[in-house]
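Colleague: Provide a 3D model corresponding to the input given below.
(2 chains)
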Amino acid sequence: QLQLQESGPGLVKPPETLSLTCTVSGGSISSTAYYWAWIRQPPGKGLEWIASIYYSRTTYYNPSLRSRVTIFIDTSKNQFSLELNSVTAADTAMYFCARHSLRGGCNIWGQGTLVTVSS
Amino acid sequence: DIQMTQSPSSLSASVGDRVTITCRASESINNYLNWYQQRPGKAPRLLIYGASSLQSGVPSRFSGSASGTDFIFTISSLQPEDFATYYCQQSSSTPYTFGQGTKLEIK
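Modeller: A predicted model of the protein is given here:
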């Protein structure tokens, strides 16, 4: 079945750029039925949607992060990625990638990757 | 942004109890409301989508309902594996927003 796996550095120095990749296996990222999302969760806190992307490269961003975030997709590698620049300690969180349908819930999630922002 | 107000923030209950969690949207979301379960150290798991549709593979003791901008999530008979944190999420419009979460603990 379809699986998602996040990868990227676990430690990022402020004010550098956080870069994460989600690899999709067991299915195609080019499916017309689904969108691909990044969601984060600071330690001990709730969930925050960051951005979503469609295989056609249509993107949707959380306005609270829009000035610092880029989401992009590589259909040839079956991957999508997140870049968050000018990071601060407030960006320390577990970062999840997920799949969702238009206006649907996230029905498949990666296991998450913890990113710590610290000098 | 659409605000999702979830209550209670925590709840103590016993195995076999019926529990309900509520979520209120700050505006109409046309029942595009999802419920997730998150166990410690794990990714969230989708339980209910579209306010009342049960995700495939999810036990039938979980259910959801809607009345306007108010949404209710119910576990009919708590099992030991149900003690976790639950979140609502609206997927009507971006930015998709989550409720603050309800931590369900063993009494």
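Colleague: going forward, measure contacts between C-alpha atoms and count neighbours the same way
Modeller: Fine.
Colleague: right, and A:Phe80 touches A:Ile71 too?
Modeller: Yes - counting by CA atoms under 8 Å, A:Ile71 is a contact partner of A:Phe80 at 7.3 Å.
Colleague: So what's the residue count around the closest residue to B:Ser9 other than its chain neighbours?
Modeller: Of all residues not flanking B:Ser9 in the chain, B:Thr102 sits nearest, at 4.4 Å (CA to CA, 6 or more residues apart in numbering or on different chains). Neighbourhood size, B:Thr102 [other CA atoms under 10 Å in any protein chain shown]: 21.
Colleague: B:Thr102 and B:Tyr86 touch, don't they?
Modeller: Yes - B:Thr102 lies in contact with B:Tyr86 (CA under 8 Å); the separation is 5.1 Å.
Colleague: Which parts of chain A are strands?
Modeller: Remark: strands assigned in chain A by DSSP state E are A:3-7, A:11-12, A:18-25, A:35-41, A:48-54, A:59-61, A:69-74, A:79-84, A:93-100, A:106-109, A:113-117.
Colleague: mind giving me a markdown table with the ones you listed and columns for mean neighbour count and mean pLDDT?
Modeller: Listed next are those as a markdown table, based on neighbours: other CA atoms under 10 Å in any protein chain shown; pLDDT from 0 to 100:
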| stretch | mean neighbour count | mean pLDDT |
| --- | --- | --- |
| strand A:3-7 | 19 | 98 |
| strand A:11-12 | 18 | 98 |
| strand A:18-25 | 20 | 98 |
| strand A:35-41 | 23 | 98 |
| strand A:48-54 | 24 | 98 |
| strand A:59-61 | 19 | 97 |
| strand A:69-74 | 20 | 98 |
| strand A:79-84 | 21 | 98 |
| strand A:93-100 | 24 | 98 |
| strand A:106-109 | 22 | 98 |
| strand A:113-117 | 21 | 98 |
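Colleague: Just put these in a markdown table and tack on distance to B:Arg24.
Modeller: Converted to a markdown table, the strands of chain A look like this (distance: least, CA to CA, whole Å):
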| stretch | distance to B:Arg24 |
| --- | --- |
| strand A:3-7 | 31 |
| strand A:11-12 | 37 |
| strand A:18-25 | 32 |
| strand A:35-41 | 21 |
| strand A:48-54 | 17 |
| strand A:59-61 | 23 |
| strand A:69-74 | 29 |
| strand A:79-84 | 31 |
| strand A:93-100 | 22 |
| strand A:106-109 | 20 |
| strand A:113-117 | 30 |
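Colleague: I appreciate the help and will end here.
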